[in-house]
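>>> Sequence unavailable; structure follows:
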Ligand SMILES: Cc1cc2nc3c(=O)[nH]c(=O)nc-3n(C[C@H](O)[C@H](O)[C@H](O)COP(=O)(O)OP(=O)(O)OC[C@H]3O[C@@H](n4cnc5c(N)ncnc54)[C@H](O)[C@@H]3O)c2cc1C
Ligand SMILES: Nc1ncnc2c1ncn2[C@@H]1O[C@H](COP(=O)(O)O)[C@@H](O)[C@H]1O
């Protein structure tokens, strides 16, 4: 039986996390179908049909599916579930919200945040904020899984010509209404998919410092901005920038940690980055335990010099 | 409105747990245990509603071994009215699906109108139980809540999503899972801990709730994460610039 990947999208484009999820699905099953559920999202279905490895796109289109509300999406997925050995979604806020609801309706467990597929029923996943890794075997007939994108190579965005099948839409639950959605619509790359992330911690001391020191550095590196929880709680940075166990989990090519001590909950969100650079004035800060390159210095002395030395990418 | 709060007893989040040599799990013997940080936030929210007259009663529930009753005492010291311990001894891991089924039975018994949980337990990091419970109840769900207002039989919930936040409106009864930013939990004082000892704590078995649980998942082993290669210290900003330039030119 094939695997079903639940597409994450905003009605216009497929979210990159979906491609990583397809990468994981290809290690689980022979054949991958993708569900694109939404409203007026034929463009996304067409994009999904080009993703390498996807042989069929199921397109469910209705107004009540437009906001990605779990109460409407879960029954839609359940209605299609019988044909699949695996149901996978990104371990993003979207997947984490919807997929456990699907699993419970199917009376099966969900396996969260897998980082490895050892066999079609056997997976590895971090526990205790990444202090340990559990190898688990699912005993249910259908494996319902959320995938940590950074652990899997993305499928190519083009190359396939999958069939698109319009599927019957399940009823509107009428339960939950989306009133508003505020997205961090800056010009910077998106935190979850940026090649470089510059993150600041409590060491920045104020919101003004955070902006005036890290803003130019991120700009010159073409980086997304991230933050520790302490920096977010102190109001230096908005909460959608938080990296860690409770925030975003990122694994960019380069992660620059500035004035961050490196608490286990922060490391949980970034320690799989390819290259980690840390600047901290405390030589014993735990962040240096995961940093490939560490500079023990006062950030106020060194960050301005860093920012000025990279030609701003176009 | 009766509010039910699910609390889990977990290893203190400041403790760095160690993996057992035989890879059977993490070593919890001698480790300080406490209430899951997200559940503390959930309890705080429920107690504030009680204080504001929005909630009439706050019942805290936990599932697990007898020792998990500690988490209920903490929740009651924070202001929950009474506790229910669903004592389990399964011979296999207690998973979010199991907990959701047990909570479902307790909620049916208690006729609660609102259920609060933490968004995730910091031991298994599953982030599932609230969503599963909402599915089993057929109720709306608001996960990762950072702000909740109750009025006119509805909940208005601000929730954290990737790259921003959104606001949902839903009819009660509903299930809400708390993010850390929902509030700042109060400290538990010794006098309140003493008072909590006098509050009612009922112990139930899954069978008394009419719930039968089966094994769905096996943990084959638990290992240390792969270590990162030893890093180097650079002397100054210039050296760091060289490193970054070399990496970005790849
Ligand atoms: C359940 C739970 C979940 C959590 N989830 C997260 C999470 O998702 N993400 C997260 O980040 N945290 C999380 N935390 C919080 C975490 O435990 C830490 O409190 C937090 O990461 C600390 O942030 P920080 O490193 O910015 O601050 P601090 O620990 O205060 O560190 C500040 C650092 O800045 C350095 N510094 C100060 N001034 C300078 C200077 N002038 N130049 C250079 N260096 C300087 C200091 O040496 C210090 O190392 C969580 C905690 C709990 C309990
Ligand atoms: N054994 C348990 N007893 C009571 N509540 C639990 C238990 N396990 C999980 N929960 C609740 O479900 C939330 C999410 O847990 P999890 O899905 O395991 O990450 C926790 O924050 C608790 O509120």
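Now that the structure is in, tell me what you want to look at. Computed from a prediction, not measured in an experiment: that's the story for all the values here. Ligands and ions are numbered 1, 2, ... in the order given.

>>> So in chain B, which strand runs the longest?
Longest strand in chain B, counting residues (DSSP state E): strand B:141-151.

>>> is that strand anywhere near chain A?
Yes. Judged by C-beta under 8 Å from any C-beta of the partner chain, strand B:141-151 comes into contact with chain A through B:141-144, B:146. In short, each C-beta sits where N, CA and C put it, glycine included.

>>> State the helix or strand in which residue A:262 lies.
Using DSSP states H and E, residue A:262 maps to neither a helix nor a strand.

>>> which residues of the stretch 51-200 of chain A score low on pLDDT?
Across the stretch 51-200 of chain A, nothing is flagged by pLDDT under 70.

>>> circling back to that earlier point, looking at the residues of strand B:141-151 next to chain A, state which has the most neighbours.
When neighbours are taken as other C-beta atoms under 10 Å in any protein chain shown, the top entry among the residues of strand B:141-151 next to chain A is residue B:141 (31 neighbours).

>>> Please look at that one and residue B:174 and confirm they touch.
Yes. At 6.9 Å, residue B:141 and residue B:174 qualify as touching, with contact defined as C-beta atoms under 8 Å.

>>> returning to what we had before: would a markdown table of the residues of strand B:141-151 next to chain A with distance to residue A:42 be doable?
Converted to a markdown table, the residues of strand B:141-151 next to chain A look like this (distance: C-beta to C-beta, whole Å):
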| residue | distance to residue A:42 |
| --- | --- |
| B:141 | 29 |
| B:142 | 30 |
| B:143 | 29 |
| B:144 | 30 |
| B:146 | 34 |
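
>>> which one is residue A:291 nearest to, not counting chain neighbours?
residue A:278 (3.9 Å; C-beta to C-beta, 6 or more residues apart in numbering or on different chains).

>>> In the stretch 201-314 of chain A, where is pLDDT below threshold?
A:311-314.

>>> how about the strands in it?
Under the criterion DSSP state E, counting those that start in this stretch, the stretch 201-314 of chain A contains strands at A:224-227, A:254-258, A:275-280, A:293-296.

>>> Get me the contact residues on chain B for ligand 1.
By C-beta under 6 Å from any ligand atom, the residues of chain B that approach ligand 1 are B:13, B:37, B:122.

>>> Are the helix or strand of chain B with the lowest mean pLDDT and chain A in contact anywhere?
Lowest by mean pLDDT, DSSP states H and E among the helices and strands of chain B is helix B:237-248, with a mean of 92. Yes. Part of helix B:237-248 sits near chain A under the criterion C-beta under 8 Å from any C-beta, namely B:237-241, B:243-245, B:247-248.

>>> looking at it, the residue nearest to residue A:291 is touching residue A:260, isn't it?
Yes. With contact defined as C-beta under 8 Å, residue A:278 reaches residue A:260; the gap is 7.3 Å.

>>> So for these two, which sits in the more crowded spot?
Remark: of residue A:278 and residue A:260, residue A:260 carries more neighbours, 31 against 28, as counted by other C-beta under 10 Å.

>>> With adjacent residues omitted, what lies nearest to the more buried one?
Computed as C-beta to C-beta, 6+ apart, the closest residue to residue A:260 that is not its neighbour in sequence is residue A:201, at 3.3 Å.

>>> Return the set of buried residues in stretch B:202-211.
Within stretch B:202-211, the residues scored as buried using 16 or more other C-beta atoms under 10 Å in any protein chain shown are B:204, B:206, B:209, B:211.

>>> can you list contacts of it?
Here stretch B:202-211 makes contact (C-beta atoms under 8 Å, 6 or more residues apart in numbering or on different chains) with B:66, B:69, B:82-88, B:101-102, B:104-106, B:109, B:212-213.

>>> So among these, which ones count as buried?
Buried among the contacts of stretch B:202-211 by 16+ other C-beta under 10 Å: B:69, B:82-88, B:101-102, B:104-106, B:213.

>>> Dump the residues of helix B:237-248 next to chain A to CSV, plus neighbour count.
Converted to CSV, the residues of helix B:237-248 next to chain A look like this (neighbours: other C-beta atoms under 10 Å in any protein chain shown):
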residue, neighbour count
B:237, 19
B:238, 12
B:239, 14
B:240, 23
B:241, 17
B:243, 17
B:244, 20
B:245, 11
B:247, 16
B:248, 17
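
>>> overlap between those residues and the residues near ligand 2?
Within the residues of helix B:237-248 next to chain A, nothing lies near ligand 2 by C-beta under 6 Å from any ligand atom.

>>> Good, wrapping up.
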